[in-house]
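Participant: Mind looking at a prediction? Sequence and model below.
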Amino acid sequence: IYTLDRTLGGAYRYLAAGDKAALKEARIDMSTKYHTVGRAWELAKQAWRDGAPVTDRRQRIEFRTRNAIGREGTRLDELPANADQLPEVGEKFFARKREAVRDNFGNVTDVVEYNNFQRAINTIGRVIRTPGRALITGDEFFKTINREAELQVQAFRKADDEAVEMGLEYGTAKYEAYVNKRTKKLTDEGIIDPENIELQALAIEKARLVTFQESPRTSFGAASEQLVNSNRWVKLIFAPFFRTPMNILRQGAMDRTPLSYFMKSSKEVLASGDQRAIAELHARAFSGVGAMTAFYFLTTGAEEGDKGFEIVGKIPRNNVARHANVKDYSIRLGDNWYQFNRLEPFGMWLGMIADMRTHTKYADSEDDGLAFTLGAGALASFMNNVGGKTYMKSISDFQDLLEGINKSPAAVERAVDRFAAGEFGKLIP
């Protein structure tokens, strides 16, 4: 979707200001992403082996946690002859009798030997941490693609600005020669130069944004994150994962809707006069509104019964679909149902549109008024989507626990059991 943003932003700049280089930025972005897939795959595999990010140094430090479920082996005094063929420590699900410790260049520095008990414990720990390792692997893949693309785009922007200041006309031989030479230098990560470092920093920030790992961009988000991190019990029970979910929520509900224009950062962009930043701001809002509009017509078309799909949001308790074991926020393709609520941010948009249609369909708009019905539908769809997300499960479980306390003893027991079972899983590192 960020590639679409860049294309839309480039088209806006070209039509509004006649910036011919804007469309080339979009081509550079798409081309670089295509040619970086191979390298991204290799780094993703390394992230899987390491269990930690590879290129994002700041987050690699954050992921360097202790091997909570594991046993240290015995380091051999001398490297065996087959040291180069041994798997790296933590690389295999089933721990081997001997595993190698390698440096950043792949050279074996130590060999660790485990007994059968240590191998069993290490295997259990590695299996338990598989979901987290898979997330890190996926993040590394998409980070690499977007980081390389952003680096190339930022380098082209800087070279283009310099060429224009020198009086070189876009598309001429002198312009192309200068821009190609400058871009090559600016994207050379082996050159330790302030301008290179600045562009690399911009690129990694874009990579974090794409994977929802950027720093908070609103005062509410920053204060909330500080509050959560200040108390370990709040972090453990209510919000073990906070930054990424809040970024998903902000990007889906604000950055890509007209609400983005009320954000402080957006007002600063509009006041700055930076046409590139303004174009990207408009492109994000347009892509979000455009997607929700398309989803609206998709949900409308599904009700006509002449298409091979159907979309449902939060299914009412007594609805026929509930008894047919259709899950909330699903789409039917042919005879099969698939849940879409985890495909962020599209899942949030499609879910909100589906919920609004459900609410307005069953509401009495003649008594309540159209504006009230639409407002209530929007609020209900937002609460349903946010409350139903996986990352909000802890808060939802705690709410269910409080509601169960006011009911029968059997309801209290069930609520406590569900809450305890959910919290126990968080204790596993």
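Facilitator: Happy to help now that I have it.

Participant: now the helices: where do they sit in the stretch 151-300 of the chain?
Facilitator: Here the stretch 151-300 of the chain has its helices, by DSSP state H, counting those that start in this stretch, at 173-186, 194-210, 219-230, 232-237, 243-250, 264-272, 275-303.

Participant: Mind pulling up the pLDDT for the spatially closest residue to residue 19 that is not a sequence neighbour?
Facilitator: Leaving aside its sequence neighbours, residue 19 sits nearest to residue 13 (C-beta to C-beta, 6 or more residues apart in numbering; 4.3 Å). For every residue, glycine as well, the C-beta is placed using N, CA and C. Looking at residue 13, its pLDDT is 87.

Participant: Residue 13 reaches residue 276, doesn't it?
Facilitator: Yes: at 7.0 Å, residue 13 and residue 276 qualify as touching, with contact defined as C-beta atoms under 8 Å.

Participant: if I look at these two, which residues touch both of them?
Facilitator: Both residue 13 and residue 276 are contacted by residue 22, under the criterion C-beta atoms under 8 Å, 6 or more residues apart in numbering.

Participant: between these two, who's got more neighbours?
Facilitator: residue 13 (23 against 16; other C-beta atoms under 10 Å).

Participant: Now for that one: which residues touch it?
Facilitator: 19, 22, 275, 276, 279.

Participant: Drop the exposed ones from those residues and show what's left.
Facilitator: The neighbour-count criterion (16 or more other C-beta atoms under 10 Å) marks 19, 22, 276, 279 among those as buried.

Participant: out of those, who's nearest residue 112?
Facilitator: Closest to residue 112 out of those is residue 276 (51.0 Å), distances taken as C-beta to C-beta.

Participant: what pLDDT does the closest one get?
Facilitator: pLDDT at residue 276 comes out at 87.

Participant: Likewise for residue 39?
Facilitator: For residue 39, the model assigns a pLDDT of 92.

Participant: List the buried residues of the helix or strand harbouring residue 112.
Facilitator: Assigned by DSSP states H and E, residue 112 belongs to strand 108-113. The neighbour-count check on strand 108-113 (16+ other C-beta under 10 Å) flags 108, 111, 112 as buried.

Participant: Switch those over to a markdown table; also include distance to residue 79 and pLDDT.
Facilitator: Output for the buried residues of strand 108-113, formatted as a markdown table (distance: C-beta to C-beta, whole Å; pLDDT from 0 to 100):
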| residue | distance to residue 79 | pLDDT |
| --- | --- | --- |
| 108 | 6 | 83 |
| 111 | 6 | 84 |
| 112 | 11 | 84 |
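
Participant: between the residues you listed, which is closest to residue 337?
Facilitator: With C-beta to C-beta as the yardstick, the closest approach to residue 337 among the buried residues of strand 108-113 comes from residue 112, at 47.5 Å.

Participant: Beta-bridge partners for the closest one, please?
Facilitator: Beta-bridge partners for residue 112, by DSSP bridges, are residue 75, residue 99.

Participant: contacting residues for it?
Facilitator: Counted by C-beta under 8 Å, 6+ apart, residue 112 has contacts 72, 73, 74, 75, 76, 89, 98, 99, 100, 101.

Participant: Looking at those, spot the one nearest residue 26.
Facilitator: residue 89 (43.2 Å).

Participant: so the closest one touches residue 96, yeah?
Facilitator: No: the pair residue 89 / residue 96 is not scored as a contact, 9.4 Å apart, by C-beta under 8 Å.

Participant: and those two? which has more neighbours close in?
Facilitator: residue 89 (23 against 17).

Participant: Return the residue spatially closest to the more buried one, with its sequence-adjacent residues excluded.
Facilitator: Nearest one to residue 89, counting by C-beta to C-beta, 6+ apart, is residue 99 at 4.5 Å.

Participant: Count residues in the vicinity of that neighbour, would you?
Facilitator: 21.

Participant: and if you look at residue 223?
Facilitator: Residue 223 has 11 nearby residues by other C-beta under 10 Å.

Participant: where does the stretch 101-250 of the chain dip in pLDDT?
Facilitator: Low-confidence segments of the stretch 101-250 of the chain, defined by pLDDT under 70: 104, 228-242.

Participant: As CSV, could you dump the C-alpha coordinates of stretch 154-173?
Facilitator: Below are the C-alpha coordinates for stretch 154-173, written out as CSV (Å, rounded to 0.1, in the frame of the first residue of the first chain):
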residue,chain,number,x,y,z
GLN,A,154,15.7,9.6,-1.0
ALA,A,155,19.0,9.5,-2.8
PHE,A,156,17.3,10.3,-6.1
ARG,A,157,15.4,13.2,-4.4
LYS,A,158,18.6,14.7,-3.1
ALA,A,159,20.4,14.3,-6.4
ASP,A,160,17.4,15.7,-8.3
ASP,A,161,17.3,18.8,-6.0
GLU,A,162,21.0,19.4,-6.6
ALA,A,163,20.7,19.0,-10.3
VAL,A,164,17.8,21.5,-10.5
GLU,A,165,19.8,24.0,-8.4
MET,A,166,22.6,23.6,-10.9
GLY,A,167,20.3,24.5,-13.8
LEU,A,168,20.2,21.0,-15.3
GLU,A,169,17.0,20.2,-17.1
TYR,A,170,15.2,16.9,-16.2
GLY,A,171,15.7,14.2,-18.8
THR,A,172,18.8,15.7,-20.5
ALA,A,173,22.1,13.7,-20.7
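
Participant: buried sites along it?
Facilitator: Buried, per 16+ other C-beta under 10 Å, within stretch 154-173: 154, 155, 156, 157, 158, 159, 160, 163, 168.

Participant: Residue 331: helix or strand, and which one exactly?
Facilitator: Secondary structure (DSSP H and E) places residue 331 in strand 330-333.

Participant: Which SSE is immediately downstream of that strand?
Facilitator: That would be, after strand 330-333 and using DSSP H and E, strand 336-339.

Participant: Check what contacts that next one and list those residues.
Facilitator: In contact with strand 336-339 (C-beta under 8 Å, 6+ apart) are residues 326, 327, 328, 329, 330, 331, 332.

Participant: Of those, select the buried ones using a PyMOL command.
Facilitator: This is the PyMOL syntax for the buried subset of the contacts of strand 336-339, where burial follows 16+ other C-beta under 10 Å:
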select buried, resi 326+328+329+330+331+332
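
Participant: can you put the contacts of strand 336-339 in a markdown table and add distance to residue 129 and pLDDT?
Facilitator: What follows is the contacts of strand 336-339, written out as a markdown table (distance: C-beta to C-beta, whole Å; pLDDT from 0 to 100):
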| residue | distance to residue 129 | pLDDT |
| --- | --- | --- |
| 326 | 33 | 70 |
| 327 | 27 | 75 |
| 328 | 29 | 74 |
| 329 | 28 | 74 |
| 330 | 30 | 79 |
| 331 | 32 | 79 |
| 332 | 35 | 76 |
